[in-house]
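Asker: Sequence first, predicted coordinates after that:
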Amino acid sequence: MELRQLQYALQIAIEKNFSRAAEKLHIAQPSLSQQLSKLEKELGVLLFQRTTNSVEVTYAGTRFVEKAQKILDMVEQLKQEMEDISQMRKGKLVVGSLPITGAHVLPLVLPVFQERYPEIDIVLVEETTSNLEQLTASGQADISLLSLPLIDDSLDYEPVIEEEIVLAVPPQHPLAARLTEGANKTVNIAELQEEPFIALKRGQGFRQIAIQLCNDAGFTPNIVFESSNIETVQSLVAAGMGIAFIPHMLLRGRNELAPAYLQLSNRPTRTLVIAHRKGRYLSKAVAAFMETFRKVMEAERAKNRPE
């Protein structure tokens, strides 16, 4: 049994299609089929049930893929540790990120990291919160930028950013008038009980934060629209379809598609973290990335701090 055969089986299980798996592995499909047949013959079990239109993982295949993933992850950790011992600066770092949050944060961090460590290749994986937790827990992502709370208890984390959450309302909404009035410009979340909410879809971490804010105020939000993209949420709010909670870093400038933003009276926040699997060997590349992230964020906070 060879390590590459484990990789082949794992990719077939992910794609459930020989052509796509072969493409991802950069080998010819006949070679992939030949290697799998060789592996199944050696093991004496069928790992995949092939039909004309699909590939299904058998029970034996499911068990094999689970173990193969752990073995490949251990091999990768061993390689990283040996590279660190030999003081090699070359390597690969797989970083998971929430797409929109990452779009605002990573352009600040990645150029600095690349300048300092040009021999380390960064592979960026953008996924939903739930998928990123799974990828990080399985070792397919070395680290991931996520927001608390984390669901998977096999993950450990380091807080890197804490930011305020504000309320977004349509520009014509009665609450928006508070922005021009001399009276209190903040909003108590309990006031929003009868309002229609626009939220992220299930699997997105910020959705749970938004629901929890309402629950803490004594009600369940009336969610009338859902989106997988928080920028779409903001556009729907601006169009008058409902209200939403928005992290401060994602606020839009003044334009026709921008909602009105109001501060919440209890000043809620969300915490962004860099997560990794508990007990997993953290390479020097991971440590360098986390240190670079911290320093860049500290510099940004100092730059934006009022004098």
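Answerer: Done, it's in. Numbering: from 1, shown residues only.
Asker: those strands in the protein, which residues are they?
Answerer: Using DSSP state E, the strands of the chain run over 48-50, 55-57, 91-97, 120-126, 143-147, 155-169, 196-200, 222-227, 244-247, 260-262, 269-277.
Asker: Nearest to K303 among the ones you listed would be which one?
Answerer: strand 155-169 (14.2 Å; C-beta to C-beta). Where you see a C-beta, it was placed from the backbone N, CA and C, and this is true even at glycine.
Asker: What strands flank the closest one, and is each parallel or antiparallel?
Answerer: Strand 155-169 has its sheet partners listed here by DSSP bridges as strand 244-247 (antiparallel), strand 260-262 (antiparallel), strand 269-277 (antiparallel).
Asker: The last one: how far from the chain's middle?
Answerer: Computed by C-alpha atoms, centre = their mean, to the nearest Å, the separation of strand 269-277 from the middle of its chain amounts to 10 Å.
Asker: Need the residues that contact that strand.
Answerer: Residues external to strand 269-277 that are found in contact with it (C-beta atoms under 8 Å, 6 or more residues apart in numbering): 101, 105, 132-133, 136-139, 142-148, 150, 154-165, 206, 209, 247, 282, 286, 290, 293.
Asker: Quick check: chain neighbours aside, which residue is closest to A28?
Answerer: A22 (6.4 Å; C-beta to C-beta, 6 or more residues apart in numbering).
Asker: and L46, what does it touch?
Answerer: Here L46 is in contact with 40, 58, 60-61 (C-beta under 8 Å, 6+ apart).
Asker: Would you confirm that S144 contacts L93?
Answerer: No. In this structure, S144 is not within contact of L93 by C-beta atoms under 8 Å, at 11.6 Å.
Asker: Domain parsing of this structure, as residue ranges.
Answerer: For the chain, the TED database gives the domain ranges 3-81, 88-160+271-304, 162-270.
Asker: burial of T62, as a residue count?
Answerer: Around T62 there are 12 other residues, counting by other C-beta atoms under 10 Å.
Asker: what's the pLDDT at it?
Answerer: You'll see T62 listed with a pLDDT of 93.
Asker: any idea how far it is from L39?
Answerer: Counting by C-beta to C-beta, to the nearest Å, the gap from T62 to L39 is 15 Å.
Asker: Longest helix in the protein, by number of residues?
Answerer: Longest helix in the chain by number of residues (criterion: DSSP state H): helix 59-85.
Asker: and it, which residues are buried?
Answerer: Of all the residues in helix 59-85, those buried under the rule 16 or more other C-beta atoms under 10 Å are 61, 64-65, 68-69, 72-73, 76-77, 80, 83-84.
Asker: now stretch 290-300
Answerer: Using 16+ other C-beta under 10 Å as the test for burial, stretch 290-300 gives 290, 292-294, 296-297.
Asker: What of stretch 226-235?
Answerer: Residues of stretch 226-235 classed as buried: 226-227, 230, 233-235 (neighbour count, 16+ other C-beta under 10 Å).
Asker: Report the lowest-confidence entry in the residues you listed.
Answerer: Scanning the buried residues of stretch 226-235 for pLDDT, the low point is I230. It has 92.
Asker: I figured it hits I100, correct?
Answerer: Yes. Using C-beta under 8 Å, I230 makes contact with I100 at a distance of 5.2 Å.
Asker: so what sits against both of those two?
Answerer: By C-beta under 8 Å, 6+ apart, I230 and I100 have these common neighbours: L250.
Asker: and F225, what is it in contact with?
Answerer: Applying C-beta under 8 Å, 6+ apart to F225 gives the contacts 196, 198-199, 233, 236, 241-242.
Asker: Report the beta-bridge partners for it.
Answerer: Going by DSSP bridges, F225 is paired in beta bridges with I198.
Asker: if we can go back for a sec, could I get the strands paired with strand 155-169 as a markdown table with mean pLDDT and mean neighbour count?
Answerer: Shown next, in a markdown table, are the strands paired with strand 155-169 (pLDDT from 0 to 100; neighbours: other C-beta atoms under 10 Å):
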| stretch | mean pLDDT | mean neighbour count |
| --- | --- | --- |
| strand 244-247 | 96 | 24 |
| strand 260-262 | 94 | 19 |
| strand 269-277 | 95 | 21 |
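Asker: Perfect, I'm done here.
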